[in-house]
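K.L.:
what's the 3D shape of this:
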Amino acid sequence: MILQRLALQNWRIGTKLIVLIIPLVALVTVITAWALHHRNLTKLDDRLLQRALSLHTQIMADRGYYAEVIVPRIIELGGSLGADYRQMHGQFPLPATFLREVSEITSSKHEGYSANLISPWPINKDKGLKDQFQQDAFAYLTKYPLGQFFRTDTGEGRAVMRFLMADRASAQSCVDCHNAHPRSPRHDFKLHDVMGGLEITMPMDKYIKEDQQDLVLTMGGGATLCLLVVGIVVIGTRQIVARPLARLAGRMRESHNPPWESSPQAVFNPLGDEVRYLTAIYQRMQAIIARQQKELKEANTRLQAQVVELKAINNELEAFSYSVSHDLRAPLRAMDGFSRILLEEHASELSDEVQNCLQEVRYNTQQMDNLVNALLRFSRLGRQPLTKRAVAPVELVNHVLRDLHGEQEGRRVEITIGDLPACQADPVLLKQVFVNLLSNALKFTRHCEVARIVIDCQVDNGQCAYFVKDNGVGFEMQYVDKLFGVFQRLHRAEDYQGTGIGLAMVQRIIHRHGGRVWAEAEVNKGATLYFTLTEGFSHGK
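P.N.:
Take a look at the predicted model:
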């Protein structure tokens, strides 16, 4: 039992995260400390090199000033130069002697730094090459006179950085002096030749100690960060992971367990792995879902069979409607034709009453034929393929109004066409929509002194709704549900002719486009019919 609890898979998530995060944070801390230490060592070399260059510049500038300004003035005043000027009255130090003494003074005032003038061809034998560093440095400077040679070394029991930069002949007087000196090993120096070098030695103790302190601080900061992360993990996993998982486990169990066993306290083991427990509950739910999916699949199979059956019935109904419509047209045309023959060829033999009856027969057969034709057009809408493309509604409206010009003759009709944005639609079907809507508007404004019709678009919540508005007879809104039904009429046929199927066709076309159609009206104050082509269709898109 104890070994089972000690197994990793039985630990809580928070414990697992702590076990994983502590080594990770420790590793990151060590890597960061090493990187900082390496960076500090690199920067230390740069810092020491910059200080050495600064000292070299300062010392050589002092010597240059001495050689170029002071020495000529001394000679002009009758003085002389010599290495043993302290023993000879009236002599002044040579530039090399001046440089050596300035270097000694400078190094005494810079925290242990030392500056030493040396040469592979020394007039003073004490200033010759003494170790491998100086030999390697002059070998390098011979090739690269303007370079700097430096190396880490040990001097007087402590780490030092040694730099050597070339001392080149900057004045002809220096060249002449060295070439003429009896103790000079070389007598062929030229201007700008390397005649020696200035070695600067800098102690590194102070900087190494600072780097060690930085390393200790970094490690201490990493340890503190590790403790902080552990605390955040403990609190965070409890608040963000453990408790939500416990609540989720309880809710999942509620879906297939009695209510008295559904509380998180009853289902959640505080000493175990929350995820393992949640996985067990999920597997039980998965079994239930699999069973329900099987039942749903069986229901879908039954539903599919019903859909196939319903489709067959619809096809039969559509064929029946088409056949009946065509079968009706033949007797209707016969009735109309025979009535017309009687009226045209036997009118003198028929009484006025009979002629009126025959006229009524012709009128009703023609009306019936119109209804059959309308029914045929309506049935074809379901079979006609929908071909959407970019359409300019303004062009369709102008074309429809030209076709309906005959319905405007002899009347005062004011038609306003607003900004109708382009859309994606079947142009043939959309034209039929405008034909039916504008025909209705012209028909129901026939008795107005001035018929006013507006074709425009309005945008509401990003959706574009086209509309046709008129100032005609209107209707009562309580009957608006009948407006789009087949053969439904809100006005008497004697007053306004029509088949009663036009708006039903409009609704069917709009629904095939995925839009909707609706109407607003008031008796004797006109009507407005709106339609959209898609849900969420935006203005200008």
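K.L.:
Could you report the neighbour count for the residue lying closest to T534 once chain neighbours are set aside?
P.N.:
Among residues not flanking T534 along the chain, G514 sits closest, at 4.8 Å (C-beta to C-beta, 6 or more residues apart in numbering). C-beta: built from backbone N, CA, C; applies to glycine. Other residues lying near G514 total 14 when counted by other C-beta atoms under 10 Å.
K.L.:
G514 should be in a helix, yeah?
P.N.:
No. Secondary structure of G514 (DSSP: H, G, I helix; E, B strand; the rest coil): coil, not part of a helix.
K.L.:
Would you state the strands of this protein in chain order?
P.N.:
Taking DSSP state E to define them, one finds strands in the chain at 80-81, 91-92, 114-118, 148-155, 158-168, 194-203, 389-391, 413-417, 423-425, 451-460, 463-470, 517-521, 527-531.
K.L.:
Quick check: the gap between V468 and T416.
P.N.:
Distance, V468 to T416, by C-beta to C-beta, to the nearest Å: 11 Å.
K.L.:
the more surrounded of these two?
P.N.:
For V468 versus T416, neighbours defined as other C-beta under 10 Å are more numerous around V468 (22 against 10).
K.L.:
tell me which residues form a beta bridge with the more buried one?
P.N.:
Beta-bridge partners for V468, by DSSP bridges, are I455, L529.
K.L.:
For T224, see how far away A33 is.
P.N.:
Going from A33 to T224 by C-beta to C-beta gives 13 Å.
K.L.:
Compare those two (neighbour count), which wins?
P.N.:
Of the pair A33 and T224, A33 is the one with more neighbours under other C-beta under 10 Å, namely 19 against 11.
K.L.:
What about the closest residue to the more buried one other than its chain neighbours, how many residues nearby?
P.N.:
In this structure, A33 finds its nearest non-sequential neighbour in T218, 4.3 Å apart by C-beta to C-beta, 6+ apart. T218 has 18 neighbouring residues, counting by other C-beta under 10 Å.
K.L.:
contacting residues around T218?
P.N.:
29, 32-33, 36 (C-beta atoms under 8 Å, 6 or more residues apart in numbering).
K.L.:
one more time with 7 Å
P.N.:
By C-beta atoms under 7 Å, 6 or more residues apart in numbering, the contact list for T218 reads 32-33, 36.
K.L.:
Pick the one among those residues closest to F531.
P.N.:
T32 (67.9 Å; C-beta to C-beta).
K.L.:
Name all residues that make contact with that closest one.
P.N.:
By C-beta under 7 Å, 6+ apart, the contact set of T32 is 218, 222.
K.L.:
next one: phi and psi at G526?
P.N.:
Backbone torsions of G526, given as degrees, to the nearest 10, read phi 90, psi 180.
K.L.:
quick one: contacts for it?
P.N.:
469-472, 474 are the contacts of G526 under C-beta under 7 Å, 6+ apart.
K.L.:
Could you list the low-pLDDT ranges of the stretch 251-400 of the chain?
P.N.:
Residues of the stretch 251-400 of the chain that meet the criterion pLDDT under 70 lie in 251-278, 317, 320-322, 324-329, 367-384.
K.L.:
can you map out the helices along it?
P.N.:
Here the stretch 251-400 of the chain has its helices, by DSSP state H, counting those that start in this stretch, at 264-267, 274-345, 352-380, 393-403.
K.L.:
can you list contacts of stretch 176-187?
P.N.:
The contact list for stretch 176-187, computed with C-beta under 7 Å, 6+ apart, reads 121, 123, 188-189, 195.
K.L.:
Rounded mean pLDDT for it, please.
P.N.:
For stretch 176-187, mean pLDDT is 79.
K.L.:
Tell me which residues of that stretch come out buried.
P.N.:
Within stretch 176-187, the residues scored as buried using 16 or more other C-beta atoms under 10 Å are 177-178, 184.
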